[in-house]
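> no sequence on hand, only this structure:
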């Protein structure tokens, strides 16, 4: 999950689902509520630890931290040097993940097919939306945090990508930079409001998902399958950059030739829009077609290896 969160367009929720911990994770998040105060008064720290499934959370967060470190120093390097094989791996992984979730549904009715189409349409539509202009209004910052963190726990939808669509990515990142570099208190206020939005979104949306999985389990699975299939448009390995944004100024530039993006400093711009192409039309470097296809097969197989490992446990 930590590695996935470093990859734009890939959701940690997808990894949680295929490793069989999704519902347990939602229940842990749901357990973080004001009732823990009463639990602490009656049973102390031990009671709170048990209520939130603390051992599980500690292992998960520790693994995520390691994954983020690996992602920052390893996967981002591979994305820079060999982007198509990396995207190919995740493309294969998400195709297999959607099959894995669909297999959990014992029978497909018209309602489930409709739910799948709805999920697909929402996720695919999100990948096509042009980024909006952001605002540092604190209410909008709060809403951005709520939406971004909610997307984070949905398989197939990336929280960082949602921030980008809302035009809030640059605002949040710039605020974090200002706080660390200049100790700007206005930035601290903005980040605190954003964090509160994340907290509300995480605790609230986890309850919605938990309820849906309890009351409408297979309809929810169908929607999540659609989310994953729809997100494939964002993860297609061969994509030419068509529009970028300067991270500092927020200025948007349209590119007439995608290869022009190769001349831009990687740390100074954020990719806004891309066009999916066939390998022979890829302009961002060598398409590495066979290596990418092999990576996609490895990603595909890895899901079913994880499934078999879960069954053996």
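Happy to help now that I have it. Not measured: the values here are computed from a predicted model.

> going by C-alpha atoms from here, please, whenever you check contacts or count neighbours.
OK.

> in terms of secondary structure, what does the helix of greatest length in the chain contact?
In the chain, with assignment by DSSP state H, the single longest helix is helix 185-215. For helix 185-215, the elements it packs on are helix 22-31, helix 138-152, helix 169-182, helix 217-235, judged by 3 or more C-alpha pairs under 8 Å, 6 or more residues apart in numbering; DSSP states H and E.

> which of those helices sits closest to residue 61?
Closest of these to residue 61 is helix 22-31, at 11.0 Å (criterion: C-alpha to C-alpha).

> list of residues touching the closest one?
For helix 22-31, contacts defined as C-alpha atoms under 8 Å, 6 or more residues apart in numbering pick out 13, 16-17, 51-53, 57, 202-204, 206-207, 209-210.

> again, 10 Å this time
12-17, 48, 50-54, 56-57, 60, 153-155, 199, 202-210, 213-214 (C-alpha atoms under 10 Å, 6 or more residues apart in numbering).

> how far off centre is that helix?
17 Å (C-alpha atoms, centre = their mean, to the nearest Å).

> got the angle for it vs helix 185-215?
With axes from the mean of the first three to the mean of the last three C-alpha atoms, to 10 degrees defining the directions, helix 22-31 sits at 120 degrees from helix 185-215.

> looking at the helices and strands packed on helix 185-215, which is closest to residue 2?
Nearest to residue 2, of the helices and strands packed on helix 185-215 and by C-alpha to C-alpha, is helix 138-152 at 11.5 Å.

> and the residue located most distally from the centre of the chain, what does it touch?
The centre of the chain is farthest from one residue, residue 42, which by C-alpha atoms, centre = their mean lies 37.6 Å away. By C-alpha under 10 Å, 6+ apart, the contact set of residue 42 is 36, 48.

> element containing it, please.
Per DSSP states H and E: residue 42 is located in helix 35-51.

> give me the buried stretch members for the following helix or strand past that helix, please.
Downstream of helix 35-51, the next assigned helix or strand under DSSP H and E is helix 54-70. For helix 54-70, the buried set under the neighbour-count rule, 16 or more other C-alpha atoms under 10 Å, comprises 56, 57, 60, 64, 67, 68.

> from those, pick the one nearest residue 302.
When these are compared against residue 302 (criterion: C-alpha to C-alpha), the nearest one is residue 67, at 17.0 Å.

> give the contact list for the closest one.
Counted by C-alpha under 10 Å, 6+ apart, residue 67 has contacts 1, 2, 3, 4, 5, 6, 61, 73, 74, 75.

> looking at these, spot the one nearest residue 245.
residue 6 (18.9 Å).

> any low-confidence regions in the stretch 51-200 of the chain?
For the stretch 51-200 of the chain, the stretches with pLDDT under 70 are 72, 76, 130-134, 156-158, 160-161, 164-165, 170.

> quick check: residue 226 touching residue 94?
No. The criterion here is C-alpha atoms under 10 Å, and residue 226 misses it with residue 94 at 11.2 Å.
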